[in-house]
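J.: I'd like to go over a predicted model; first the sequence, then the structure.
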Amino acid sequence: MLSAFVSAFRTPDLRRKILFTLGLIALYRLGAALPSPGVDYQNVQECVKLVSGGESAGIYQLINLFSGGALLQLSVFAIGIMPYITASIIIQLLTVVIPRFEELRKEGQSGQTKMTQYTRYLSVALAILQATGLVALAARGQLLQGCNEPILADTSIFGMIIIVLVMTAGASLVMWFGEQITERGVGNGMSLLIFAGIAARIPLDGKAILDTRGGLVFGLVCVAVLAIIVAVIFVEQGQRRIPVQYAKRVVGRKMYGGSSTYLPLKVNQAGVIPVIFASSLLYLPNLVAQLTSSSTTTDPSWWQEIIQKYLVDPTNPVYIAIYFGLIVFFTYFYVAITFNPEERADEMKKFGGFIPGYRPGKPTADYLNYVLSRITLPGSIYLGAVTVLPSLFLGAGSTGQSANMAFGGAAVLIMVSVGLDTVKQIESQLMNRNYEGFLK
């Protein structure tokens, strides 16, 4: 593998892509540590240390993990990539409802460009909304509850507007970073930025486990993480190969077809997208509850009590059940959007391909739908189990709500999946240039 990396850096084009990707990730981490204007940096650091791992952090633990700790520190990139992810969820949901979006999706590159433009506009709107919510919570002392230090140095309307504008601009810049990495770098830009945020939290969370629970628990956690990594790699590589036979056809004086190949259907066809979708959706109720709560009234309403009781603590059985159900739902939903059996059957029929034992057209589409529905079920259960079980085990016996999220199932799943996908992309580019790949 090391020789393959050397070969990658010896290729000028591939080396340029890798260095470009690493440069943008470094800029992203720099912006995540850069405080926003009008924020008291010293007080924020003291408050984060005071409430870290406590109940006041609440549902923001996972979102803070995705941003690499930038959210609770109110840095320039505090909003991070979450507005773009939420906007992507909304646009994909509307694709099923709005016929115009369905037409754009079928138009190819031009339609995809238009959909991306809509996603960007919605991302900016959501970034403004989320930045306003965070600043309002910080001004009212509800973002880091339990800390009496003032987080904002300037609580005037003009000062808070400046902070909101800076965070919105930071979210737009992060979105641009992700798109540039996807287009001109290596790997999926949005996933790599989340990967960088999670990797930045590993040393701190590892030290927290070692200090609070001792070396034995830390060693067991490391063994459990290694077991999860092995399981994730095993399932991520698993696929159902459907044989496809292409009939011989004559075009002009040349004969085409007559070959046999297969259609690979992965066990986890949706990747880590359902986990990210479910995580971003679960944090919205708590955000709405905090924004609508009155600072003068100490008694919350009944629905706010329900949210605080069941939708904040990651170790609560109700929270785990809802999280698991959302992951299963989004797995089926995302697979249904990204893989259309009718379109695949029409493509095979157009080029003279068929599945042995099934006629081209609707019978082929029905068979693909049957196989896909059967392998999506274990894939969705695998995603849910890997995501919720480690967080439950890490949270058992702890005094706070933080289940050391960098060592949780969602974080490990995202890091391994993104790492595998990035290595595969570098591998394919190496093979195109007649070099040996990573796997010999």
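T.: Structure received.
J.: going forward, measure contacts and count neighbours with C-alpha atoms only.
T.: Noted.
J.: could you pull out the strands for this protein?
T.: Listed in chain order, the strands of the chain (DSSP state E) span 239-246, 249-251, 254-256, 260-266, 353-354.
J.: between these, which gets nearest to residue 40?
T.: Closest to residue 40 of the strands of the chain is strand 260-266 (C-alpha to C-alpha; 48.4 Å).
J.: so what secondary structure elements neighbour that closest one?
T.: strand 239-246 (3 or more C-alpha pairs under 8 Å, 6 or more residues apart in numbering; DSSP states H and E).
J.: rerun that using 10 Å as the cut-off
T.: Counting contacts by 3 or more C-alpha pairs under 10 Å, 6 or more residues apart in numbering; DSSP states H and E, strand 260-266 packs against strand 239-246, strand 353-354, helix 362-395.
J.: what's the angle from it to strand 239-246?
T.: If you take axes from the mean of the first three to the mean of the last three C-alpha atoms, to 10 degrees, strand 260-266 sits at 150 degrees to strand 239-246.
J.: Work out which residue lies at the spatial centre of this structure.
T.: residue 276 (3.9 Å; C-alpha atoms, centre = their mean).
J.: re earlier: mind putting the helices and strands packed on strand 260-266 into CSV with mean pLDDT, mean neighbour count and distance to residue 420?
T.: Formatted as CSV, those follow (pLDDT from 0 to 100; neighbours: other C-alpha atoms under 10 Å; distance: least, C-alpha to C-alpha, whole Å):
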stretch, mean pLDDT, mean neighbour count, distance to residue 420
strand 239-246, 85, 15, 15
strand 353-354, 82, 22, 30
helix 362-395, 83, 19, 16
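J.: Any chance of a markdown table for these, columns distance to residue 137?
T.: Output for those, formatted as a markdown table (distance: least, C-alpha to C-alpha, whole Å):
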| stretch | distance to residue 137 |
| --- | --- |
| strand 239-246 | 46 |
| strand 353-354 | 58 |
| helix 362-395 | 26 |
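J.: So for residue 425, which of those sits nearest?
T.: Shortest distance between residue 425 and those, using C-alpha to C-alpha, is found for strand 239-246: 18.1 Å.
J.: still on that earlier bit, out of the helices and strands packed on strand 260-266, flag the one nearest residue 36.
T.: Ranking the helices and strands packed on strand 260-266 by proximity to residue 36 (C-alpha to C-alpha) places helix 362-395 first, at 31.5 Å.
J.: helices and strands around that closest one, which ones?
T.: Looks like helix 362-395 contacts helix 189-236, strand 239-246, strand 260-266, helix 273-292, helix 317-338, helix 341-350, helix 409-432 (3+ C-alpha pairs under 10 Å, 6+ apart).
J.: any chance of the ones you listed in CSV, with distance to residue 310 too?
T.: Shown next, in CSV, are those (distance: least, C-alpha to C-alpha, whole Å):
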stretch, distance to residue 310
helix 189-236, 24
strand 239-246, 36
strand 260-266, 34
helix 273-292, 10
helix 317-338, 6
helix 341-350, 38
helix 409-432, 19
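J.: just checking, residue 240 touches residue 379?
T.: No - shown here, residue 240 and residue 379 do not form a contact pair, counting by C-alpha atoms under 10 Å, at 11.9 Å.
J.: Could you name every residue contacting both of these two?
T.: 266, 267 (C-alpha atoms under 10 Å, 6 or more residues apart in numbering).
J.: looking at the helices and strands packed on helix 362-395, which has the lowest confidence?
T.: Here the lowest mean pLDDT among the helices and strands packed on helix 362-395 goes to helix 273-292, at a mean of 75.
J.: Against which helices or strands is that helix packed?
T.: Partner elements for helix 273-292 (3+ C-alpha pairs under 10 Å, 6+ apart): helix 60-66, helix 82-97, helix 109-139, helix 189-236, helix 302-310, helix 317-338, helix 362-395, helix 409-432.
J.: Tell me which of those sits nearest to residue 282.
T.: Short answer: helix 317-338, nearest of the helices and strands packed on helix 273-292 by C-alpha to C-alpha, at 7.5 Å.
J.: in the closest one, what counts as buried?
T.: Within helix 317-338, the residues that count as buried by 16 or more other C-alpha atoms under 10 Å are 319-320, 323-328, 330-332, 334-335.
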